[in-house]
Every structure is written in structure tokens, then in C-alpha cells.
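S.K.: Sequence and predicted model, in that order:
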Amino acid sequence: MINSIGSPTHTSASHADRNYASEIDHQPVRFVHTISEAGRLLPSASQWNSIELDFHLAPQSNTTYDSLPSRYSKSFDYELVITDKKYFKRFVYVSIFIVFVVLAIVPQVQFLPHMHKHHGKSKNITLALNQALMFFDAQKSGNYPSNSPVKFRGSSGLQDGNTSNPPADLKGGFYDSGKNIKFSFPTAYTITLLSWTVIEYHDKYDSIGELDHVKDIIRWGSDYLLKIFDPPNSTTAPIIIYSQVGSNHTNGYNDVTCWQRPEDMNYTRPVSACNETASDLAGEIMAALSAASIVFKDDTGYSIKLIQSAEKLFEVATKNDTGHHQGTYTAVEDCGGQARMYYDSSGYQDELIWGGTWLFFATGNTSYLGYATSNFGAAEGEETASEQGVFYWNSKLTANAVLLTRIRYFHDLGYPYEVGLGSSSNKIDLLICSYLSREIYSRTPGGLILLRPDHGEPLQFAATASFLGKLYSDYLELLRRSGVSCSREFYSVEMLREFSVSQVNYILGDNPMKMSYMVGFGNKYPTHVHHRAASIPWDDQHYSCPEGDRWLYSTDPNPNILYGAMVAGPDMFDNFLDDRDKPWFTEPTIASNAGLVAALIALHDPPYKSSNSNGTNLGIDLTGIFKNLQLVPPGT
């Protein structure tokens, strides 16, 4: 016999019981009813909903009354029959125990810190973000600030620009990587991306005490970009854009052949200059200045200066449709310089529409948006197959589509922009599906997405994919959308966030090497980073170029920890060599770290209070990016 509560049959009720039930139908008895909303046990003249309450928990009596049937119904109407009281008592004991456990746990859960469990984070994102920003302090050139958290750096590059013709003040900016060269193109990209993260997530930065820090980094870069762009005094004079300081285009020792701290440099550092036909460089600089102007909107004078410089650059860079060149292949003989080896731009259309889009946000002038939307198709035609869906220093089209989609979702302008904006949102939905489907982009055995498998240095691409994925998921949640559909597949917001988390967690140590690829984070991280300043002791000694070589080839760990630097990363099989002489594994760059900072702040838990007014606390500023949109008519 199966022991059960609520059996569908009456076979366990005896013939005597049924006779007794028939008799009590004619007696004025009262039955125990269900519990009322007030919590009191109510009497009833009905036998509905009743059940025998004798659990045999009290001492048993030997009187003859024990053999009498209970005057309470055995729930014939609901067919609830207790066929084995031993098992029923076990059930009751277990139920009471569970109730007590739940009552004990619930109050404790209520006092736990608020967490977004759907993020599934297992890493200390706050610490990672603190350290990732420190890397930019380690890369500063010029008069080094005394309050910097990085103590193995000092003033350097104070003669930068003296050798240009005419001489220019090019102090400041950032060293690009482990080399002591300053490249304008990736610097501008870095400032654009960091500014974007502040515009979207400034509440998050503020809640962890990093808002002033990241704004200092952006201003350090913006000040330098204002120096490298020299607007002419007349409308007919050629424009000058300094693209690079430092090179290997000299005899003897130079920034590539000499392994030396920036503070010890005494060799010649040539300067490369371009004109407005270096359209990719011009587009990225105007994007950076425009985005930074929104970050510093409270500093009116500085913000206006940034906007005016960006508008001037846009004017001269877009006036002649037949005179565009990539910065590395422009008609100016020395434009690009060393960038031809390290930052070989593959096109310029994406940078020009990128600059136009950010100018629209900075000024509200829809003529800039008109330029961006009308030229978006041309930029798509210029995009190479290997660049599709990738956001990094050389490819802005995907990120630009996210910005245009943001306009469509939260500040739709209607005609004549709806076609271009709609095309962008479709592009982003397809991109998100490609991140999650695994049919377009493969992954390493450890789960790292390979957006450019033949390129190497995969972490920079995974970091920006994580950022765009999380940012777009925030947009979807603000719209109360549950996900995106592509063909026959549907991908939820939760799946998109899990993807973003998985890529950052891989970078921070959840990988087959069990190594954090951000220096200083976790128990195991690269200690032989390809970086001149980090690898040479900070001991008040001057080391010449020949003396520096011993640090390059030393098997000892770097004497200085380059906190927050994300190295290039593993190969496509998750293998990594911690070797200073193998920069394709161990060299960090400012552009790559900007992507990491973006992903970390996007994934960081929101503060308890947020700028968003829609009721969903995601730590994102829904309207701040639109503050300057006064809908200035085209052509004004």
C-alpha cells in the first residue's frame, strides 16, 4: 500500500466510519474550519475543509474513548486520507523543521548587502577598477604629478616637440605602451572611450571614489590633444596635426632600440606631423575632444574650448571628399611615422562619422548627426571582413552603431534620421547574437571570444565586446525588453550579461592558466611585463641604453609592479608565456586598458542612488548624454 496524504480513494475508511459519518449528519456538531486572514481558528457548522487533528503527540489514554471514531470528518469531501500515521507524523515534523529554518534565514538575508545576483560576479570589480586606472598614471609623460599613486615614475619627455619645425610644446600625454613613444591616434581613442564611460556611468565612478581620478586621466589626455592640433590663423593655411613623438627613424639609439626608463631618455625624439587629409586621425581627435567636453560640462570655459577645436577640425577634415587619406598613408611624407608599424589604420570613414556623432552629442547641432547617418553606409562598405563586429582603436563602426541606437531608443528624432538609426539598431542586435551564438566567433577552450583569431592580442577585443554587451543590456532593461531575437534564436538580457561577465572573469583569472592577465590583481599575474619603466629599478641611478639591456633580458621579475596593466594575453589555445622579451604576450597598451576600464565600470554594481529616473537602478545616466541636444536645424 502506498502511504500518502490526500489519496484519491476511500478504501482506507472503514464501514463503521461511514456509518458514523452518516449518523453525525443529523447531530448539531461543530467542525474546525480553515484559518482566517486574521489568523484565528474559526468554528463552522459545515464539515467542509476539515481534517482529523489527532497527531498522537500527547500521552495515550487507555480509556474506551480512544476507540471511538473522531467526531471530526476525515475529509471525505476533499478525499484527504491519512493511510499511515507514522509517515504522516514524519511529514509534520519535517515541515515544522523547514518552517523554523526558513524563519531563521529570512531575516539574515534581508540584512545582506544588496547584490545583483544575475551578474554572477566572483571578482572584486572595485579593486580591479582602482588598479586599471592606475596604469594610466604609470603612462603619463611630462611634468609628473607629485600626488600620483605610482611611485616609480617621474617627470620625463620635457623636451618633446623642440625638434619639430617649427618647434612646438608637446610635453604631456601618455606613453603608448612598454615603449616610450607617444602616438596621437590611440591616445585620442583612449580619451574618447574613457569619456564615454564617464558620461554613461559617472554615478558608479563616484560611488567608489574614482570619478575625480578618471576625470584627471581624461583631462591629462585632452590637454595633450589640444596641443597636437594647431588651428591655422587663416582659412587657407594648412592645418597641422602632430601624430607622434618618438620613433626609430634615427641613427643609433632611439625609442625602440633603447631599453631605458622615460626619465633617463637623452636621445633625439623626432616628431611626425600630418595635415587635415589624415582623416582617421582627425576624426578620432574630434571625437575625443567632443566626448571630453561633455565630461567637463561644468567647467564651461574648458568645455567650450574643446568643442570649438573639434568643430574646427571637423570643418577642415570633411570639406574635401576627394582629399581623404588614412593617416599612415597620407600625402604628407612623414605623417604616421612609427604608426605605420604599430597603428596601421585600415580606413577613415568610421572615424569621421564617429567624430560627427560625438560632435552632435556635444553641440546638439543635427547637421553633425546628418553627416554621421548619411555616411554610415559608406563606412560599412569600407569595413574589412576581419574588422566586422570589432571595437578597438582601428574600428569604431560597431560602437558608433550603439550610439546611434541609443538615440533611437531614448531620444528618437524621427525624419530624416529614422532609416539610419533603425539600420544601426538592427546591426547591434545582429552583433549581440553573434557574441552569443558561437556560430560566427569561435572561442578558446577556456571560453575567451576570438573576434580576430588571426591577429593575436585577444584580450583588447574581448574587453570592448564585454563593455558593449553590458552597456546594450542596460539599454534593453531600461526599455523593459527581455532580450534580442535573431533568425530563430532568442537571447535574453541575462545571457548577454553572463557573456560580459565571463570575458572579464577570464581576464581576471578564470582561465586555464589560472592567471590574472591584469598585473597586480589576484595571487598570480604576469611578473615579466614588457615595459621599460616597470622592469628597471627605481633607485636614483641613471641607466644607459646598453645598461638597460640587462633588464630586458633578465629572468628576474620586474622590480616595479605595474598595477592595473592588462597584458596582450594568451594565444588562441589559452597558452601564455610570461616573458619580457615576448611583447605579443606581455605588453600592455593604453588603448587596451581603456577597453578593460570600460568593461569593469559597466559590470560594477550600481550605487544605491542613480541618475536614472525610470525606476530601474542600473547606475547609468539615461539622459545626461542628451543634455546639449537643442535640435539645432541642419545648416545653421
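M.R.: Sure thing, it's come through.
S.K.: ok, and for stretch 471-486, which residues are buried?
M.R.: By neighbour count on 16 or more other CB atoms under 10 Å, the buried set for stretch 471-486 is Leu471, Tyr472, Ser473, Asp474, Tyr475, Leu476, Glu477, Leu478, Gly483, Val484, Cys486. Yep, even glycine has a C-beta here, placed from its N, CA and C like the rest.
S.K.: In which helix or strand does the second one reside?
M.R.: Pointing back at Tyr472 there. helix 459-478 (DSSP states H and E).
S.K.: and the next element down the chain from that helix?
M.R.: strand 483-486.
S.K.: for the helix or strand that comes right after that next one, which positions count as buried?
M.R.: Note on strand 483-486: by DSSP H and E, the next helix or strand toward the C-terminus is strand 489-492. Residues of strand 489-492 classed as buried: Tyr491, Ser492 (neighbour count, 16+ other CB under 10 Å).
S.K.: Tell me the helices and strands packed up against strand 489-492.
M.R.: Packed against strand 489-492 by the contact rule (3 or more CB pairs under 8 Å, 6 or more residues apart in numbering; DSSP states H and E) you find helix 418-437, strand 483-486.
S.K.: Out of the ones you listed, the one nearest Asn400 is which?
M.R.: helix 418-437 (7.6 Å; CB to CB).
S.K.: so what does that closest one touch, helix or strand wise?
M.R.: Counting contacts by 3+ CB pairs under 8 Å, 6+ apart, helix 418-437 packs against helix 366-374, helix 376-382, helix 397-410, helix 459-478, strand 483-486, strand 489-492, helix 493-507.
S.K.: residues making contact with that helix?
M.R.: Helix 418-437 has contacts (CB atoms under 8 Å, 6 or more residues apart in numbering) with 372-374, 376-377, 389, 398, 400-402, 404-405, 407-409, 412-413, 440-441, 449, 465, 468-469, 472, 484-487, 489, 491, 495-496, 499.
S.K.: coming back round to it: of all the helices and strands packed on strand 489-492, which lies closest to Pro557?
M.R.: helix 418-437 (35.8 Å).
S.K.: I'd like to check the angle between the closest one and helix 459-478, please.
M.R.: Inter-element angle recorded for helix 418-437 and helix 459-478: 120 degrees (by axes from the mean of the first three to the mean of the last three CA atoms, to 10 degrees).
S.K.: Sort out which residues of helix 418-437 are buried, please.
M.R.: Of all the residues in helix 418-437, those buried under the rule 16+ other CB under 10 Å are 420-421, 423-425, 427-429, 431-436.
S.K.: So, low pLDDT: which residues of the stretch 251-400 of the chain?
M.R.: Residue ranges of the stretch 251-400 of the chain with pLDDT under 70: 320-334, 336-340.
S.K.: so where do the helices sit in it?
M.R.: Assigned by DSSP state H, counting those that start in this stretch, the stretch 251-400 of the chain shows helices spanning 279-295, 300-318, 339-342, 349-363, 366-374, 376-382, 397-410.
S.K.: How about the fifth one, which residues are buried there?
M.R.: What it means is helix 366-374. When neighbours are counted by 16+ other CB under 10 Å, the buried residues of helix 366-374 are found to be Thr366, Ser367, Tyr368, Leu369, Gly370, Tyr371, Ala372, Thr373.
S.K.: Just flag the most distant two among those.
M.R.: Farthest pair in these, by CB to CB: Ser367 and Thr373, 11.0 Å.
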